[in-house]
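[1] Below: sequence and its predicted model.
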Amino acid sequence: MYRVDGPQPFSLTVSDVNHHHSYRAPEDEGEAALHFFRNCRSTRDGCDNIIRSLHVKNPHHKKPNPRQGVTAGPTETIGTAIAERSLKDARSCQTQEAPPLREIPGRNSRNRTRSRNEIVIGGAQRRRDIVPNQKNTNVFLIDTACNSRPKFRVWCSIESWAHVNPGLQIWFIMTSPRISDFEGFPSKLLQKYPNLNIVGADVEKMVEDTPLKQLFDSKKWMQNNTWPVELLSDMMRVLVLWHWGGVYSDTDVISIRPFNLPLNSLGYETNFQIGSAVYSFEAQQSIIWHLMEDMVNGFEPELWGSIGPKAITRVVKAMCDVVDLETLLPKTPVTCGRVTLHPRQTFYPVDYTQSKKFFTKNGGKRFKKIFRRSYAVHFWNKMSKEFMVKKGDKSLYEVAAKKYCPVSYSEATLEADTF
């Protein structure tokens, strides 16, 4: 075990400063590593809202031996772009050196000037590469929009995983080099949940020695389509599970039951397609490698989800040796190779076409009936973001938020009736 370079409270080792974690040096294991700068739990610790930063250092993973029944994706040529949108600004935002911690002015609802911190990811200490003590005990959520102030619904998703799964390490990965500690809210979450970590990512190092490096370096995902933020998220979710294993969750998914499903679990999103909002894989599983290969070969800039749900569906079809996934649905949960497919109720109990149902007044009365077999609930933010959660409406979303993300719900409704 080693010490973090630079100023640190009480000059303790990493494991002592972060008493709820135990870390291993990457050089001891010869594996990918993370940068972690953890927010101090109390002002008595003598430090100012330091959040850990995360990135991969020199990953050297070899391609696994191909497994019978698993094939690479389609080889059709990538289509002509339909938009000229670029993610250059967001990409530079990921890799730029974070500035020092600074105070920014703010006002509360009563117009009283107050001082609130911007938490800088990796800006207060020189970073050292470390990895979590155990693989596959992680839950990753990712923001790829370079957003320094995520919405309350995003925080609700993050908090729910920490609240419902105290035995798992929850990693919120941000592409922004700083996060607004508005009203001290992110710090409140970090203080309440010792298993929650807010981190940054060096994506360029994460793709090294993986099939996704070809697609990432081509920049086609940035320039030749209208969804660069979503495509970056599609890549990052697979990369974190390849390197470290565990569970990936979109930030519009609320955890409502401890995740005790076996790793290498996926869920039906429709009768014909596997969803990509929740992935569960052991680290360096061969199916992840094949998924990355398929994402490269099957990328179509004009097709929504070409490297998301459509990619994982193609790979699962090959693994299960079926043309139509609907034939397996009555048998769920069903295992193909080392992957278990779960029914729609597990993660996607409400179809995206019915997303308004989450926000209907008094809809929460049927919460237990609708979600009785669910482990997590996808709220389809792309379809439902314009529907508001109204305090006191007892909607499905409000019932879930009050129970599974109580701090976020309380903060969101402290001075407003909707969020």
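    Perfect, I can see it now.
[2] Could you use CA atoms for every contact and neighbour count after this?
    OK.
[3] Okay, helices next: where are they in the stretch 201-350 of the chain?
    Secondary structure of the stretch 201-350 of the chain, counting by DSSP state H, counting those that start in this stretch: helices at 203-206, 212-218, 220-223, 228-244, 286-297, 309-320, 344-347.
[4] Can you give the contact residues for the last one?
    Residues outside helix 344-347 that contact it (CA atoms under 8 Å, 6 or more residues apart in numbering): 267-271, 278, 371, 373-378.
[5] The closest residue in space to residue 193 that isn't next to it in sequence is in what secondary structure piece?
    Closest residue to residue 193 apart from its sequence neighbours, by CA to CA, 6 or more residues apart in numbering: residue 162 at 6.5 Å. Secondary structure from DSSP states H and E places residue 162 in helix 152-164.
[6] Kindly report the same for residue 149.
    Under the criterion DSSP H and E, no helix or strand holds residue 149.
[7] Now it. Nearest residue, chain neighbours left out?
    Leaving aside its chain neighbours, residue 149 sits nearest to residue 180 (5.5 Å; criterion: CA to CA, 6+ apart).
[8] Could you turn the buried ones of the contacts of helix 344-347 into a PyMOL selection?
    The PyMOL selection below is limited to those of those classed as buried (16 or more other CA atoms under 10 Å):
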select buried, resi 267+268+269+270+278+371+374+375+376+377+378
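[9] tell me which of the contacts of helix 344-347 is nearest to residue 419?
    When these are compared for distance to residue 419 (CA to CA), residue 378 wins out at 17.5 Å.
[10] dump the residue contacts of that closest one.
    252, 253, 254, 277, 347, 348, 349, 350.
[11] Dump the helices of the stretch 201-350 of the chain to JSON lines, plus mean neighbour count.
    Output for these, formatted as JSON lines (neighbours: other CA atoms under 10 Å):
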{"stretch": "helix 203-206", "mean neighbour count": "19"}
{"stretch": "helix 212-218", "mean neighbour count": "17"}
{"stretch": "helix 220-223", "mean neighbour count": "21"}
{"stretch": "helix 228-244", "mean neighbour count": "22"}
{"stretch": "helix 286-297", "mean neighbour count": "24"}
{"stretch": "helix 309-320", "mean neighbour count": "22"}
{"stretch": "helix 344-347", "mean neighbour count": "22"}
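[12] nearest to residue 145, of these?
    Smallest distance to residue 145 across those (CA to CA): 5.8 Å, for helix 228-244.
[13] Determine the set of other helices and strands touching the closest one.
    Applying 3 or more CA pairs under 8 Å, 6 or more residues apart in numbering; DSSP states H and E, we find helix 228-244 packed against strand 138-143, helix 203-206, helix 220-223, strand 246-249, strand 278-281, helix 286-297.
[14] Check which helices and strands the first one sits against.
    Judged by 3+ CA pairs under 8 Å, 6+ apart, the packing partners of strand 138-143 are strand 169-174, helix 228-244, strand 246-249.
[15] As a markdown table, those with mean pLDDT and distance to residue 361 would be great.
    Output for the helices and strands packed on strand 138-143, formatted as a markdown table (pLDDT from 0 to 100; distance: least, CA to CA, whole Å):
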| stretch | mean pLDDT | distance to residue 361 |
| --- | --- | --- |
| strand 169-174 | 93 | 31 |
| helix 228-244 | 92 | 31 |
| strand 246-249 | 96 | 27 |
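[16] any idea how far residue 245 lies from residue 301?
    The gap separating residue 245 from residue 301 is 28 Å, by CA to CA, to the nearest Å.
[17] and what of residue 410?
    As judged by CA to CA, residue 410 and residue 301 stand 40 Å apart.
[18] So for the two, which residue has more residues nearby?
    residue 301 (25 against 12; other CA atoms under 10 Å).
[19] Look up how far residue 221 lies from the more buried one.
    7 Å.
[20] And for residue 139?
    Per CA to CA, residue 139 is found 25 Å from residue 221.
[21] Over to residue 229?
    Remark: distance between residue 229 and residue 221 (CA to CA) = 9 Å.
[22] So which other helices or strands are in contact with the helix or strand residue 398 falls within?
    Under the criterion of DSSP H and E, residue 398 resides in helix 396-404. Applying 3+ CA pairs under 8 Å, 6+ apart, one finds that helix 396-404 contacts helix 152-164, strand 253-255, helix 406-412.
[23] looking at the ones you listed, which is buried most?
    Across those, averaging neighbours per residue (mean count of other CA atoms under 10 Å) puts strand 253-255 on top, at a mean of 27.
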